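> got a predicted structure here, sequence first:
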Amino acid sequence: MSKYPIRKYRNIGIAAHIDAGKTTVSERILFYTGISHKIGEVHEGEAVMDWMEQERERGITITSAATTCFWQDHQINLIDTPGHVDFTIEVGRSLRVLDGMVGVFCGVAGVQPQSETVWRQANRYKVPRIIFVNKLDRIGADYFRVVNDVNTKLKANGLAMQIPVGASDEFRAIIDVLTGKMATFEGERGENVVWSDAPAEYKDQIAELRTKIVEAAGDFDEALAEKYLNEEEITIPEIKAALRKGVIERKVTPIFCGTAFKNKGVQLMLDAVVDYLPSPVDVPPIKGIEKRTGQEIEVHSSTQEPLSALVFKIMTDPYVGVLNFIRVYSGELKAGSYVYNVRTGSKERVSRLIKMHANKREEIDEMHAGDIGAVVGVRDANTGDSLCTEDRLVLLESIDIPTPVISTSVEPKNKGDYEKMGLALRKMMQEDPSFRFTYNEETGQTEISGMGELHLEIVVDRLRREHKVDVAQGKLQVAYKEAIQKSADAEGKYIRQSGGRGQYGHVWIKLEPLERGKGFEIVDKIVGGTIPKEYIPGIQKGLEEAVNSGVLGGYPVVDLRATIYDGSYHDVDSSEIAFKIAAAMAFRAGMEKASPVLLEPVMKVEVETPEEYMGDVMGDLNSRRGRILGMEARVGNQIITAEVPLGEMFGYVTELRSMSKGRASSTMEFECYREVPKNVQDEIVKKK
C-alpha cells in the first residue's frame, strides 16, 4: 500500500471539544499536504472531512472520517473525530486503533468538558499525544492560560514549545522556543513559512521556556541530563529525541499554537507530529488472546508475523455496500485473500481493499502492518471484531461501547414501510454500536435508544433522507435502570401437570447488589447434582431474559449477582424450559425482597453565561434537581458546572436561550447512573 517503511508511519487522530476547530485543522492539513487543492470551510458547508448532509448543515462532525496524507517523507493516516458528546463512540473507537493524537484546544475556552472526556479516553487506550492551541486570532485568546489549564485540569505535564507573537486580531507570528526563530506565514493561504530572528523583547521568555524544555527532556535521557548539569552544548535533535521518548511514555505533552482558520501554525504542528508522535513500531505491542489455547500473546507491528487486524468502524456505502474499516496490526492483507473472523468463527473472502479519503475511495492491492483502510466482502463483522489467518487465531481487545441513556419511539407513517424501517435501523445499529433499537411487544412500538437528543435527531433525519422512510417520532424517554439495595434468597418452582408428561423445574437463587457499573453476573454453585448440569443453561437463559425487565417499571436491571445454589428435579418431567421459567420466577421473587430502586442517568452540565444571568441560571439548575459543582470566570463570562438528572434536561437549551436573551450556552455529557429520590421514583413508576 505504501512506499514508506513502517517507521515513517504516523497513525493519528484529531480530537477535542465541540467547536475547538478540529475539522478546520484537518482541512488545512489536507491542503498543506497536497491532498486537496482547495480549502473547504466548515461554516460554508464545504469541509472534505464533514461529508454527510447532516454534518454540513449543522457545521459539526458526526462520524469520524479517515484519510491518508504525506508530510516530510512520512505517511500520515489521519482520523478527524466528532467533538459532540452524543457521538463519543466515534472518538473511543478511533483512539483504540491510533498510535497518537493531536488534542485541539480553543485558545479562548481552554479545557472544556468534552476535552476532559477525550483525554480520559486517550488515557484508557494509552495514546501518546501533543496539543495544538487553536483560534489564537480570537478576542480573549490566551495561549499560556490554556497551557496552565492543561497542567492543572488534565495533569498532562504540558510544555509550551512555542510563543505566539501578537494577541487576538494582532496575532501574526509564532516563535519556536528551541531554535529561537520566528515563523511568519505568507501567501494567500499561509503556505509559505518564512523564518527570521525572534524580536529582542522575547529573548528572556525564550530562554526561560527553553530551560524548562531541556530540564523536562533530561528526565528521559541521562546523557542529556548530564550534559545539562555540566553546562555542555545540547543539540536540538538530542532534545527532540528525548522529548519524543517522554511523549511515547505519555509523561510529557508538547503544546503548540496557531489559528487554523487564519492559516497560521498548522505546518509547524505537522512537523511536531513527525518529530514527537510514535510510529506503529514505537508503541508497545498490542496484546491478544490465542483462541485455541486461551493464552495471552503479543502482536508486533511487523509484516513477518501472521495477519492480525481489528474492525473499528462499519459504514454502508451506496456504491460499494458494507465497508469495514480496519487497522492492520501485523502481517499483510491482499485483495482476494481470505480472513478468519475470530468472533463468528467464519472464513470470508476480502473482495476489495480501499484507502479512504473521507467518503471518497481509492482501490489498492494490499495493506501491511500499520495501515488503516477499509475492506469489502466481510459481511458478518461487528465493531470490535478481530480478523486474522487460520493458523493464528488472535482475539484482540475489543472496543468499549457506551450504554444509551435516552430513547424514543418511531413509527413509519406509511404502514408498508415497517420492513424498510427495520432494515434501515439494523444497518445504522451495525454502523453505530452506541445506537440500539428494540421492538416492544406490549406497546407494539419500535423504540430507538442513543446517547442524547441530537444523536436520535440525526437517526430520524437519516431514516427520512437516506432510507426514504417517513417516520413519526414519540416523546423522548429517559433510559432508567433498576438495581437492588440488599441481598435476598428466592425460590422459583414451576410445576405443570396436564395428562401425560408434565413440567417440573425448581431452583433457589441468591441475589446480591454489586458496585455501580459492574453489570450482571451469574454464578453456578450447584454441588452434588441437586440440579443436573444439562438444565443449568436453561436457568442461565431464564435469568438473562428476566434481567431485561425489573419489577418497578419494567426497566433493565443492572449491577447485581445471581448465584444458583440449590433446587430439585424430576426424572421424567424436568426440562430445560421448565428450569428457564422457574429461574425467571425466582428472579422476580428475589427482586421484590431485595429493596429495588430506580437509577437515572445523571449528566455533567457546563453553562457559560454573562454575569448578570448567573443567578437565574443557577436557580433554574437547582429547580431541575441539579447539584452545582463549581464556578469559574472565563473571558468576561461565568462558567457554571453542575450535575443534573437527564430527565430534567429536555428542552433546556431553548429555555436557557430565552432566560439569557440568547447569550448563554451549555454543553452536557453523561456522567453516571444514580439512585432516583423516593418521591420522584414513585411518580415515574405510577406513570409507567
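Good, I have the coordinates. Computed from a prediction, not measured in an experiment: that's the story for all the values here.

> got any ranges where the protein has weak pLDDT?
Applying pLDDT under 70 to the chain flags residues 1-3, 36-65, 82-90, 318, 357-360, 440-443, 498-500, 635.

> regarding it, what is its longest helix?
Longest among the helix segments of the chain by residue count, using DSSP state H, is helix 576-593.

> for that helix, give me every contacting residue.
Contact with helix 576-593 is made by 482, 484, 488-494, 496, 503-511, 531, 534-535, 537-543, 545-547, 550-551, 557, 562, 564, 567, as judged by C-beta atoms under 8 Å, 6 or more residues apart in numbering. Just so you know, the C-beta spots here come from the backbone N, C-alpha and C atoms, and that holds for glycine as well.

> same question for stretch 463-474.
So stretch 463-474 is contacted by 53, 408-414, 417, 420-421, 423-425, 427, 445, 460 (C-beta under 8 Å, 6+ apart).

> just the buried ones from the residues you listed?
Buried members of those, counted by 16 or more other C-beta atoms under 10 Å: 408-410, 412, 417, 421, 424-425, 427, 460.

> now, which of these lie within strands?
Within these, residues falling in strands by DSSP state E are 408-410, 412.

> could you pull out the helices for the stretch 251-400 of the chain?
Secondary structure of the stretch 251-400 of the chain (DSSP state H, counting those that start in this stretch): helices at 266-276.

> and the longest strand seen in the chain, which residues are buried?
If you go by DSSP E, the chain has its longest strand at strand 596-610. The neighbour-count check on strand 596-610 (16+ other C-beta under 10 Å) flags 596-609 as buried.

> which one of those residues is nearest Ser196?
Closest approach between the buried residues of strand 596-610 and Ser196, by C-beta to C-beta: Glu608, at 38.6 Å.

> just checking, the closest one touches Gly636?
No. Counting by C-beta atoms under 8 Å, Glu608 stays clear of Gly636, with 10.3 Å between them.

> just give the nearest non-adjacent residue to Val653, would you?
Ser666 (6.4 Å; C-beta to C-beta, 6 or more residues apart in numbering).

> what's the neighbour count on that neighbour?
Look at Ser666: counted by other C-beta atoms under 10 Å, it has 18 neighbours.

> same question, Thr438
Neighbours of Thr438 using other C-beta under 10 Å come to 13.

> tell me the secondary structure for it?
strand (DSSP: H, G, I helix; E, B strand; the rest coil).

> my guess is it contacts Glu447, does it?
Yes. With contacts counted by C-beta under 8 Å, Thr438 reaches Glu447, the gap being 5.3 Å.

> picking up where we left off before, you'd agree the residue nearest to Val653 is up against Met603?
No. At 10.2 Å, Ser666 does not count as touching Met603 under the criterion of C-beta under 8 Å.

> between helix 266-276 and the helix or strand containing Val194, find me the angle.
Using DSSP states H and E, Val194 maps to strand 192-197. Counting by axes from the mean of the first three to the mean of the last three C-alpha atoms, to 10 degrees, strand 192-197 lies at 80 degrees to helix 266-276.
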